[in-house]
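# With the sequence up front, the predicted model follows.
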Amino acid sequence: MRYAVCNELFGQMPFSKACSLAAQEGFRGVEIAPFSVFENFSQLTIKKKITEIRSILEKENIEFVGFHWLLAKPEGLHIASPNLVIRRRTWDHMRRLLECASALGGGKLVLGSPRQRSTPPGMTSDEVKNILREELARIAGFAASCNAMILVEPLSSDQCDVVTSLDEAVNIVKDIDQASIRTMFDFHNAREETKPAHILIEEYWPYIAHIHINEKEGGAPGTGTTNFVPSFRTLLNHGYSGWLSMEIFDVPKKPDLLLHTAISAMRKAEMSALLTGGVD
């Protein structure tokens, strides 16, 4: 298994120090929230930051995994805004992030951003999904040219009202039918699903290109009650070669201790999966 960590876990800590801590604890990849590194998203800032990020990743022997929280900043973005100027600005921003991913070697762009995809006043969730489907189909070729994928992230209904199940996400992916548009699995976001995590991964395996690993309660692995072994066994049986990227929703007081706890729990689950029939 390849373990990565999402960088917003480190709060205001400099990116270089965050990567150093992650590497020391055995994480080999980092997934980046763009707003945490690109500041005002000007071309000059992006160019400067890309150079800095490359240098840090090379120094720490850490790989770029991709981006998440794609639309949190700049303010005012929305994938399906009835204001066409806002909508175009949003998808132009997505193209900019794809270019950034390409400059870092390519990667996965996790399209969560609940506030920027929830149904605007005067529209229905189906209308938003239709626009999402059309825009993703339009940008799919560009994503492929950037050696990147856009992943439709299912979110729980307490976060937004558009694409709240893995089945909905997969249906959009099927409709678009492009290799650069896929979905992903997040243990915390799947807490409202009616099937266990390992069954969902098995059922939707062909469309899952990335894993966010966290406790169903939202914390880091090893801090809650989630049994990861069946899901690890399923991933191993399918020869999953992607990342298990740790995504949590607060900034710990002692990130080094949390990283150690999390990677120890994940390695333990991986070993248990192997010992109980993890590979056919």
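Done, it's in.
# List the residues that contact the nearest residue to Ala220 once chain neighbours are set aside.
Nearest non-adjacent residue to Ala220, counting by CB to CB, 6 or more residues apart in numbering: Ala262, 4.2 Å away. All C-beta spots, glycine's among them, are computed from the backbone N, C-alpha and C. By CB atoms under 8 Å, 6 or more residues apart in numbering, the contact list for Ala262 reads 220-223, 246.
# which element is Ala262 on?
helix 255-275 (DSSP states H and E).
# before we move on, the earlier item: between the contacts of Ala262, which is nearest Gly107?
Met246 (16.0 Å; CB to CB).
# Now do the same contact list for that closest one.
Met246 neighbours (CB under 8 Å, 6+ apart): 3-6, 9, 27, 212-214, 220-221, 262, 266.
# Also Gln43?
Counting by CB under 8 Å, 6+ apart, Gln43 has no contacts.
# Going forward, count from 58.
That works, and once the first residue is 58, the last one we named lands at Gln100.
# ok, which stretches of the stretch 58-207 of the chain are helices?
When secondary structure is read from DSSP state H, counting those that start in this stretch, the stretch 58-207 of the chain shows helices at 72-81, 100-117, 141-160, 182-202.
# doesn't Phe67 make contact with Pro312?
Yes - Pro312 lies in contact with Phe67 (CB atoms under 8 Å); the separation is 5.7 Å.
# Which neighbours do these two have in common?
Residues touching both Pro312 and Phe67 (CB under 8 Å, 6+ apart): 75, 78.
# Number of residues surrounding the spatially closest residue to Ser175 that is not a sequence neighbour?
Counting by CB to CB, 6+ apart, Ser175 lies nearest to Cys217, which is 4.2 Å off, once chain neighbours are set aside. Residues lying near Cys217 (other CB atoms under 10 Å) number 19.
# Ile256 too?
Neighbour tally, Ile256, other CB under 10 Å: 14.
# hang on, it in a strand?
No - assessed with DSSP: H, G, I helix; E, B strand; the rest coil, Ile256 is helix; it does not lie in a strand.
# circling back: so where does the residue nearest to Ser175 fall, helix or strand?
Using DSSP H and E, Cys217 falls outside every helix and strand.
# Tell me which residues touch it, please.
Cys217 neighbours (CB under 8 Å, 6+ apart): 171-172, 174-175.
# So which other helices or strands are in contact with the helix or strand Val227 falls within?
Assigned by DSSP H and E, Val227 belongs to helix 223-233. The contact analysis (3 or more CB pairs under 8 Å, 6 or more residues apart in numbering; DSSP states H and E) places helix 223-233 against helix 182-202, strand 206-209, strand 238-243.
# If we use 6 Å, what do you get?
helix 182-202, strand 238-243 (3 or more CB pairs under 6 Å, 6 or more residues apart in numbering; DSSP states H and E).
# if you compare the ones you listed, which one is most tucked away?
strand 238-243 (a mean of 24; mean count of other CB atoms under 10 Å).
# All set, thanks.
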